[in-house]
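Asks: Okay, predicted coordinates and the sequence, questions at the end:
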Amino acid sequence: MDVEIGQILLKGGALLDCHPCPVCTTPLVSLPATERTTPLLNLPYCCNCALHVDFTRSIPSTNAAPSQPERASPTVLNNALDLLGEDEEEDTWPDDLTEKAKKYVPTGSAVKVEVASSEKNMSNKKADEGSALMAKALLRGDMMLNESCHCGLIKMRGKDGVYCVSCGVAAAATCCVPEVTGGAEEVVREEGEDEAALELKLRMAMMDVKKVKEREPSKLGEYMLKGWTMLNRNCDRAGCHSVWVGKGSVQKCPDCGATDDDNNDGGEDNVDVYDALLDNVPASLSRPNRAPTPEMYISASDDDEDEDAPRPFFTDVDVKTGEMLMAGWTLTGEGCKSGGGIGVVMRKDGKRWCSCCDGKALQVVKKVVKEVVKVKEEVTKPFSNPSFVSRSAYSIPTNNNISSSTPTTTNNNITYQTILNRIEEATQNLSTCDLSDPTTTFHWAETIERLSRAGKAFLEMNAK
């Protein structure tokens, strides 16, 4: 996973400073600009789950306008190819489609599925023709949408609008409410039912429910628009892994309605038809709950700034992080305090390094600690008295003019000035020497004392 993140960062992607993946808690990344060709690819991407995460998507209300269709996801595309006859073992509709659909519909739901016996099987010839037509449409530059027609084929978007390669433009525009008299499957629309719920029932009737692996958008967006705040907590109810929301002292799951008071039992009946499919997910694959931290949340209370939008890190930091990940470094759970929360500390072979400051902050901390230890050792070291050094161990430069019985005035001035120069030189050496070295200190102090006595004797001799 680290290698894949590093490859994306090296191509120009960015590590996002937003909520992690709600399934596996992996940090999300944004794909490079050259690969973000559709709205779906602009969403944050999880390298571990290989999925795009949308934190703002919600089920539209009855009065809301229908959302723009997105590009087909890999799961929906695979299911459509299976319906077209790619799977040789399951190339026909099962006889017990009605029973299978009712098995996964929650109690109290108004979904009604009626299967006619005349058009129960899809022929291989029709599937091959549909595959050929879809291939030609893709070669023309048309885009595949995340919606299915009532005939089983995926809708396409071209220059003339949304259409179905088998039914045409007119059928694709009304395929959400099919008017089938003697056809294959028929979905009855209940009173007050929105387009999203009707489309969901149509998919359940047309596809094998065991192959459906995508979860429909939750009601997280509706709660956030009402003032609720996203929490760093996931629902632990079987089959539901949605992020919890909170408002004041109340915390709940927006999808299944679980709360702390009912101990995840007896919540609101907001379970959709896909909850039954996810009930069989092993507990080992569910994300464990973590203690909430105040830093990781998304709030919709600030109107001036879009806090839901992911904030990319600096480009140079991303490139450096990607290079280090490719070199075998591993991400740690701490950040560099010198980079304003931007740098990420990495570890390899017992070494720690920061991709933001190139390890300078870590080096400074290590250097300061080393200097403090050195000073402590010098202070605690026992003081040893210096050994006595006799004067005979040092030779004082002498001047022949000092021993002259009849020195002249010029020679006397030169000799006396030489003594003063040597005293000044010894004084400078004494002031610059290391006080922790007593031998050198005492040497220059003794030299100054000898020169002072020599100068005093010279003055007394000349005074006579």
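Replies: Nice, I can see it.
Asks: can I see the domain layout of this structure?
Replies: 67-211, 329-380, 391-463 (automatic domain parsing).
Asks: Go ahead and produce PDB holding the CA coordinates of stretch 41-52.
Replies: Extracted in PDB, the C-alpha atoms of stretch 41-52 (Å, rounded to 0.1, in the frame of the first residue of the first chain):
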ATOM      1  CA  LEU A  41     -12.000  10.400 -10.400                       C
ATOM      2  CA  ASN A  42     -11.900  13.900  -8.700                       C
ATOM      3  CA  LEU A  43     -13.100  12.300  -5.400                       C
ATOM      4  CA  PRO A  44     -10.500  11.200  -2.700                       C
ATOM      5  CA  TYR A  45      -9.100   7.700  -3.400                       C
ATOM      6  CA  CYS A  46      -8.200   4.900  -1.000                       C
ATOM      7  CA  CYS A  47      -5.300   2.800  -2.200                       C
ATOM      8  CA  ASN A  48      -6.100   0.000   0.200                       C
ATOM      9  CA  CYS A  49      -9.800  -0.400  -0.800                       C
ATOM     10  CA  ALA A  50      -9.300   0.800  -4.400                       C
ATOM     11  CA  LEU A  51     -12.400   2.900  -4.000                       C
ATOM     12  CA  HIS A  52     -13.300   6.600  -4.400                       C
END
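Asks: buried ones in it?
Replies: L43, P44, Y45, C46, C47, L51, H52 (16 or more other CB atoms under 10 Å). Using the backbone N, CA and C atoms, a C-beta is placed for each residue, glycine as well.
Asks: Same list (the residues you listed) but as CSV, adding secondary structure, distance to R422 and pLDDT.
Replies: Output for the buried residues of stretch 41-52, formatted as CSV (DSSP: H, G, I helix; E, B strand; the rest coil; distance: CB to CB, whole Å; pLDDT from 0 to 100):
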residue, secondary structure, distance to R422, pLDDT
L43, coil, 83, 81
P44, coil, 79, 84
Y45, strand, 79, 84
C46, strand, 80, 85
C47, coil, 77, 82
L51, strand, 85, 78
H52, strand, 84, 79
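Asks: which regions of the stretch 51-200 of the chain sit below the pLDDT cut-off?
Replies: 55-132, 135, 146, 152, 168-189, 199 (pLDDT under 70).
Asks: What average pLDDT does stretch 431-441 get?
Replies: Mean per-residue pLDDT for stretch 431-441: 80.
Asks: gap between the two ends of it?
Replies: 9 Å (CA to CA, to the nearest Å).
Asks: Now for N42: which residues touch it?
Replies: S30, L31, R36 (CB atoms under 8 Å, 6 or more residues apart in numbering).
Asks: How confident was the prediction at it?
Replies: 78.
Asks: any idea how far it is from M346?
Replies: Per CB to CB, to the nearest Å, N42 is found 28 Å from M346.
Asks: list the helices and strands the helix ranked longest in the chain packs on?
Replies: Longest helix of the chain, by residue count under DSSP state H: helix 438-463. Helix 438-463 is packed against helix 409-432, with contacts defined by 3 or more CB pairs under 8 Å, 6 or more residues apart in numbering; DSSP states H and E.
Asks: quick one, the helix it packs on and helix 438-463 angle?
Replies: 160 degrees (axes from the mean of the first three to the mean of the last three CA atoms, to 10 degrees).
Asks: Tell me the buried residues in helix 409-432?
Replies: N412, T415, Y416, T418, I419, R422, I423, A426, L430.
Asks: Identify, from those residues, the entry nearest to E147.
Replies: Nearest to E147, judged by CB to CB, of those is L430 at 92.1 Å.
Asks: which residues sit in contact with the closest one?
Replies: Counting by CB under 8 Å, 6+ apart, L430 has contacts T441, W444, A445, I448.
Asks: could you dump the helix or strand R347 falls within to CSV, C-alpha only?
Replies: Assessed by DSSP states H and E, R347 sits inside strand 344-348. Below are the C-alpha coordinates for strand 344-348, written out as CSV (Å, rounded to 0.1, in the frame of the first residue of the first chain):
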residue,chain,number,x,y,z
VAL,A,344,5.4,13.5,8.2
VAL,A,345,8.0,11.6,10.2
MET,A,346,9.1,8.4,8.6
ARG,A,347,11.1,5.4,9.9
LYS,A,348,13.6,3.0,8.3
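Asks: Show me what counts as buried in the next helix-or-strand element following that strand.
Replies: Once strand 344-348 ends, the next helix or strand along the chain (criterion: DSSP H and E) is strand 351-354. The neighbour-count check on strand 351-354 (16+ other CB under 10 Å) flags W353, C354 as buried.
Asks: name the helices or strands packed onto strand 351-354?
Replies: Contacts defined by 3+ CB pairs under 8 Å, 6+ apart place strand 351-354 against strand 344-348, helix 360-380.
Asks: mean pLDDT lowest for which of those?
Replies: Across the helices and strands packed on strand 351-354, the lowest-scoring stretch is helix 360-380, with a mean of 50.
Asks: Need the buried ones from the contacts of N42 selected in PyMOL.
Replies: Selection of buried members from the contacts of N42 for PyMOL, criterion 16+ other CB under 10 Å:
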select buried, resi 30+31
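Asks: So which of the contacts of N42 belong to strands?
Replies: Here DSSP state E is the test, and the contacts of N42 give S30 as lying in strands.
Asks: Just name the closest of the contacts of N42 to V319, please.
Replies: Ranked by distance to V319 (CB to CB), the contacts of N42 are led by S30 at 14.1 Å.
Asks: partners of that closest one in the sheet?
Replies: With DSSP bridges applied, S30 shows beta-bridge pairing to A14.
Asks: May I see the buried residues of stretch 250-262?
Replies: Q251, K252, C253, P254, D255, C256, G257, A258, T259.
Asks: Turn those into CSV, columns for pLDDT.
Replies: Listed next are the buried residues of stretch 250-262 as CSV, based on pLDDT from 0 to 100:
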residue, pLDDT
Q251, 89
K252, 87
C253, 85
P254, 81
D255, 79
C256, 80
G257, 82
A258, 84
T259, 85
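Asks: In terms of distance to D434, which of those residues ranks first?
Replies: Q251 (65.8 Å).
Asks: which residues does K348 contact?
Replies: M324, A327, G328, W329, T330.
Asks: Repeat the analysis, applying 6 Å as the threshold.
Replies: G328, W329 (CB atoms under 6 Å, 6 or more residues apart in numbering).
Asks: ditto for K11
Replies: For K11, the contact set (CB under 6 Å, 6+ apart) comprises P32.
Asks: mind checking the end-to-end distance for stretch 44-53?
Replies: Distance between the two ends of stretch 44-53: 5 Å, counting by CA to CA.
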